[in-house]
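# predicted coordinates and the sequence they were generated for:
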Amino acid sequence: MKAFFNQLFDYNFYCNKRLIEECNAIDNVPEKTIKLFSHILNAHHLWNAKILGNKAKYDAFQIHGIKDWGDIHYENQRSSFEITTNADDFEKRIDHENEEGRLFITTLQDIMFHIINHSAHHRGQIAMNFRDNNLEPIPLDYINYKR
């Protein structure tokens, strides 16, 4: 399971890094892309904090400047690898609250998979936003990453 999640987080890191590089190269990054990618970073950070029992630094929809994306992304990745490396049981149940204060219990593996799936979902929205703004989306399919 560790190897599986490490591979998925490698893929996630690659995709986000490519998107960060692309946005740094564009003169006018669409506002919706900035909001969506900031949310990807924030959600990843929030889930890592919940798993590690840390206080989160960011809100779910906090906007970050493009120049800050790389540092936040790197720290998210580092924390996720720390979690997978130290995990003895991916069925471990994590108690956590949502933004309304409602308590949930979710397995570590489900949270880790959610981070990856959530990021991919919003990267798909960013690809559509690129097209809507006459920008060519980056091909970030998993199969292309594996080739």
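Everything's here; your move. Given the structure is predicted, the values throughout are model-derived calculations rather than measurements.
# where in the chain is pLDDT low?
For the chain, no stretch has pLDDT under 70.
# quick one, strands of it?
Secondary structure of the chain (DSSP state E): strands at 93-97, 103-107.
# which parts of stretch 12-29 are buried?
For stretch 12-29, a neighbour-count test (16 or more other Cβ atoms under 10 Å) marks 12, 13, 15, 16, 19, 20, 22, 23, 29 as buried. Any C-beta I mention is one placed from the backbone N, CA and C, and that applies to glycine too.
# got the contact list for the fourth one?
Going by Cβ atoms under 8 Å, 6 or more residues apart in numbering, residue 16 touches 37, 40, 41, 73, 119, 123.
# same question, residue 30
129, 130, 132, 133, 135.
# just to check, the second one is in contact with residue 136?
Looking back up the chat, that one is residue 130. Yes - counting by Cβ atoms under 8 Å, residue 130 does reach residue 136; the two are 6.8 Å apart.
# more neighbours, those two?
Neighbours per residue (other Cβ atoms under 10 Å) separate residue 130 from residue 136, with residue 130 holding more: 21 against 9.
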